[in-house]
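**Student:** 3D model of this:
(chains A and B)
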Number of protein chains: 2
Amino acid sequence: MNINKFMTPEIIFGKDALEQTGESFKRLGANKVLVVSDKGVVEAGWSEKALANIRQAGLDYAEFYQLSTNPKDEEVRNGAAVYINEYCDAVFGLGGGSPMDVAKAVAIIVTNQGNIRDYEGVDQITRPLPPLIMASTTAGSGSEVSQFSVVVDTEKQKKMTIVSKSLVPDIAIVDPQLLMTKDPLLTAATGMDVLTHSIEAYVSIAATPLTDVQAKNAIKLVSEYLRPSVASASNEEAKRAMAMASLQAGLAFSNAILGAIHAMSHAIGGKYALAHGEINAVLLPHVMEYNLIANPKRFRTISELMGTSTSGLTDMEAANTSVQMVRKLLKDIGAPQQFSDLGFQEQDFVVMAEVALEDACMITNPRDLSVEEVVALFKQAL
Amino acid sequence: MNINKFMTPEIIFGKDALEQTGESFKRLGANKVLVVSDKGVVEAGWSEKALANIRQAGLDYAEFYQLSTNPKDEEVRNGAAVYINEYCDAVFGLGGGSPMDVAKAVAIIVTNQGNIRDYEGVDQITRPLPPLIMASTTAGSGSEVSQFSVVVDTEKQKKMTIVSKSLVPDIAIVDPQLLMTKDPLLTAATGMDVLTHSIEAYVSIAATPLTDVQAKNAIKLVSEYLRPSVASASNEEAKRAMAMASLQAGLAFSNAILGAIHAMSHAIGGKYALAHGEINAVLLPHVMEYNLIANPKRFRTISELMGTSTSGLTDMEAANTSVQMVRKLLKDIGAPQQFSDLGFQEQDFVVMAEVALEDACMITNPRDLSVEEVVALFKQAL
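**Tutor:** Sure, this is the predicted structure:
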């Protein structure tokens, strides 16, 4: 591609960054903020902390917390109704990928009207969104910096990928303290999501020098810090590094887009109530192996970033090593390694493959896939 | 620092990126654009190309090209008068650091009123600026992505550093083709400015993991591509790499700020009509040598990024190597190596040292300096 575009929100990163929420909304001219979050975040006490901070800045707010793990179009409608009935003029997404993606989707609807399904695909949003701030509580989705929102279309039972520059939040707040409450399985799953983001962005056909520096650094950080982060919820250094990895992976994939893993993962996540990070963890080594021949040199670099020496190896040998490194990581952190670990059985594979091939993320995968090839990959991962 | 903030404009990078100017202004809601540029850019034909593109998008424009190499406060006033008399509602900076910095300063005045001197220092701008797009024609200043504008205070005969988030342009256009017209000395000087930005940002006390990845990549790119870029004005690969280096150095220093070299360089540039990049080239090795003990490990990394192996060396030995690498580069590209090369004599050193110590860039230098120490560094560079 001749022309590269690169967009990022303003980023506020560090311990106690959450305490910048109120002032940040004030700076954006907000009066009443719709706070979109979920039960887990409320129970951890983070939403109360954010609300207190918003109050302190002299701003009003309304709350919306009724979300599923893979949030649905009807939940977006409900959130938008709260925004309108409460006369809100700004949106705050606080949590993992689900609350942030719903917050973005609500922001679309309240200024662009209609149903969230109308905005599926690339660049379907025409009117500016209200001021938008995201604060992430998982080192995973990258939604705090990305131009993506992913929501389930309940009619078609699939995840819709919505991509638009206007979904890049005005401000991303990343406070590593918010990650301290996570259990090891969630840490492992969201961490594998970060690794998947950075690897898919790095081998994407839309990768640019600007996305490469972010993706490469994220791969390195995950390789070094995901194990200790899973090992201990109170390891501050590891949490901080994983928060940075998530952020950088987000900057990379938001601008380089993703690939077959996310396309396939969205197809599964639309049908089954499985965690996105766990599905990605299972798919990652299989799809990497399939993609290797598209760009052996880049996979060689991935091996090196993950800490292996590749001297003396051919490009393909060195590329193969990256797959082994990922399998080793999955094993070490106790992440699921096959769909049967997730209680997921072979069914609807052909339908899901067709859905995956239509997903916006499939366009930038470095190797072409047919329905048969996607089905074969699903089967390998069983 | 606990809280890191990171801001970047939307970036449009690549061959023919200049042809996105009109559409970009349209997207920002502009009707009539003030185009700030200078004679060199006009003669190279770039302003006509941009104007045609703005016309094609159905937008109107006014032109302002009366600028010095080190642009002055009164030129900002003149530019603002054109903006107001012509009923403009957006500003386009097209050129090297001078036109871009004036474009930003004009944007400050037209919405914030008063004299540009009122806004010297950090965060003095209170009202939002009009839509702002920058297109750089030198791989140097980084102003296309930075929150900086530097303008001469003619009364005090010094450069004012204005730092504010609102100076980050809405969109940065980087078209490496625009660099093809440069003569070798200008290429060398602007390239050394890029290296100075990235080194100062990397050792700044405000450096963060987000600025580090950008700074490190910029140092690597300059080390690899500045020599071939000086050697041939038509080496597309080298021009593209230097444009990327300039951009990444800009992202780094805009968020990590700079150090003593820029503070001292601003003090000189306010008094003498010397090119900013040439002054930096002369100062760089001397100030690096002075700063080494503040962070030997970071200077060791600089040596490695510049292509040397440091194995077997102590941190201080490895750090020292970075100074030698810079001297070698200066020599290879024919950049000035001492002030006498610039026809610059010892005088006013004490006054300039006092001015330098007041500059906003001095705050983030990794080693403290007194007036005597700044004077000693000036003398070393004679």
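**Student:** ok, the nearest residue to residue A:367 once chain neighbours are set aside - how many residues close by?
**Tutor:** Excluding the flanking residues, the one nearest residue A:367 by C-beta to C-beta, 6 or more residues apart in numbering or on different chains is residue A:294, at 4.1 Å. (Glycine included, C-beta is placed from N, CA and C.) Number of residues near residue A:294 (other C-beta atoms under 10 Å in any protein chain shown) recorded here: 16.
**Student:** could you report the pLDDT at residue A:294?
**Tutor:** Looking at residue A:294, its pLDDT stands at 97.
**Student:** how about the contacts made by residue A:315?
**Tutor:** A:296, A:297, A:300 (C-beta atoms under 8 Å, 6 or more residues apart in numbering or on different chains).
**Student:** all strands for the stretch 1-150 of chain A, in order.
**Tutor:** Remark: strands assigned in the stretch 1-150 of chain A by DSSP state E, counting those that start in this stretch are A:4-6, A:10-13, A:32-36, A:60-64, A:90-95, A:121-122, A:132-136, A:148-153.
**Student:** redo the ones you listed as CSV? Include mean pLDDT.
**Tutor:** Putting the strands of the stretch 1-150 of chain A into CSV (pLDDT from 0 to 100) gives the following:
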stretch, mean pLDDT
strand A:4-6, 85
strand A:10-13, 93
strand A:32-36, 98
strand A:60-64, 98
strand A:90-95, 97
strand A:121-122, 90
strand A:132-136, 96
strand A:148-153, 94
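**Student:** mean neighbour count, the ones you listed: which tops it?
**Tutor:** With neighbours taken as mean count of other C-beta atoms under 10 Å in any protein chain shown, the strands of the stretch 1-150 of chain A reach their highest mean count in strand A:90-95, at a mean of 30.
**Student:** that one pairs with which strands, parallel or anti?
**Tutor:** strand A:32-36 (parallel), strand A:132-136 (parallel) (DSSP bridges).
**Student:** count the neighbours of the closest residue to chain B within the stretch 51-200 of chain A for me.
**Tutor:** Closest approach between the stretch 51-200 of chain A and chain B, counting by C-beta to the nearest C-beta: residue A:165, at 7.5 Å. Residues contacting residue A:165 under the criterion other C-beta under 10 Å number 13.
**Student:** right, and it touches residue A:129 too?
**Tutor:** No. At 10.4 Å, residue A:165 does not count as touching residue A:129 under the criterion of C-beta atoms under 8 Å.
**Student:** would you mind listing what in chain A touches chain B?
**Tutor:** Contact residues (C-beta under 8 Å from any C-beta of the partner chain) of chain A with chain B: A:1-8, A:10-17, A:20, A:165, A:208-210, A:213-214, A:217, A:244, A:247-248.
**Student:** in helices, which of these fall?
**Tutor:** If you go by DSSP state H, the residues of chain A next to chain B have A:209, A:210, A:213, A:214, A:217, A:244, A:247, A:248 in helices.
**Student:** now the two most distant members of the residues you listed.
**Tutor:** Using C-beta to C-beta, these span at most 19.8 Å, a distance reached by A:209 and A:244.
**Student:** ok, the nearest residue to residue A:48 once chain neighbours are set aside - how many residues close by?
**Tutor:** Distances taken as C-beta to C-beta, 6+ apart place residue A:42 nearest to residue A:48, at 7.5 Å, with adjacent residues excluded. Number of residues near residue A:42 (other C-beta under 10 Å) recorded here: 16.
**Student:** settle this for me: residue A:42 is touching residue A:65, isn't it.
**Tutor:** Yes. Using C-beta under 8 Å, residue A:42 makes contact with residue A:65 at a distance of 5.9 Å.
**Student:** who are the contact partners of residue A:200?
**Tutor:** A:253, A:258, A:259, A:261, A:262, A:361, A:365 are the contacts of residue A:200 under C-beta under 8 Å, 6+ apart.
**Student:** give me the buried subset of those residues.
**Tutor:** A:253, A:258, A:259, A:261, A:262, A:361, A:365 (16 or more other C-beta atoms under 10 Å in any protein chain shown).
**Student:** dump those residues to JSON lines, plus secondary structure and pLDDT.
**Tutor:** Shown next, in JSON lines, are those (DSSP: H, G, I helix; E, B strand; the rest coil; pLDDT from 0 to 100):
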{"residue": "A:253", "secondary structure": "helix", "pLDDT": "95"}
{"residue": "A:258", "secondary structure": "coil", "pLDDT": "96"}
{"residue": "A:259", "secondary structure": "coil", "pLDDT": "97"}
{"residue": "A:261", "secondary structure": "helix", "pLDDT": "98"}
{"residue": "A:262", "secondary structure": "helix", "pLDDT": "96"}
{"residue": "A:361", "secondary structure": "helix", "pLDDT": "94"}
{"residue": "A:365", "secondary structure": "coil", "pLDDT": "98"}
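**Student:** got the domain boundaries for chain A?
**Tutor:** Here the domain parsing of chain A from automatic domain parsing is A:10-179, A:184-380.
**Student:** and residue A:135, what are its bridge partners?
**Tutor:** residue A:94, residue A:173.
**Student:** please, where are all the helices along the stretch 151-300 of chain A?
**Tutor:** Assigned by DSSP state H, counting those that start in this stretch, the stretch 151-300 of chain A shows helices spanning A:184-203, A:209-231, A:236-256, A:260-271, A:276-291, A:296-305.
**Student:** how about the residue sitting nearest the centre point of chain A: what's its closest non-neighbour residue?
**Tutor:** Nearest to the geometric centre of chain A sits residue A:141, at 2.4 Å (C-alpha atoms, centre = their mean). Leaving aside its sequence neighbours, residue A:141 sits nearest to residue A:97 (C-beta to C-beta, 6+ apart; 3.0 Å).
**Student:** just to check, the one you found is in contact with residue A:144?
**Tutor:** No. Using C-beta under 8 Å, residue A:97 makes no contact with residue A:144, being 9.4 Å away.
**Student:** one step back: just send the buried ones among the contacts of residue A:200 back as a markdown table, with distance to residue A:240 too.
**Tutor:** Output for the buried ones among the contacts of residue A:200, formatted as a markdown table (distance: C-beta to C-beta, whole Å):
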| residue | distance to residue A:240 |
| --- | --- |
| A:253 | 21 |
| A:258 | 25 |
| A:259 | 28 |
| A:261 | 26 |
| A:262 | 26 |
| A:361 | 29 |
| A:365 | 32 |
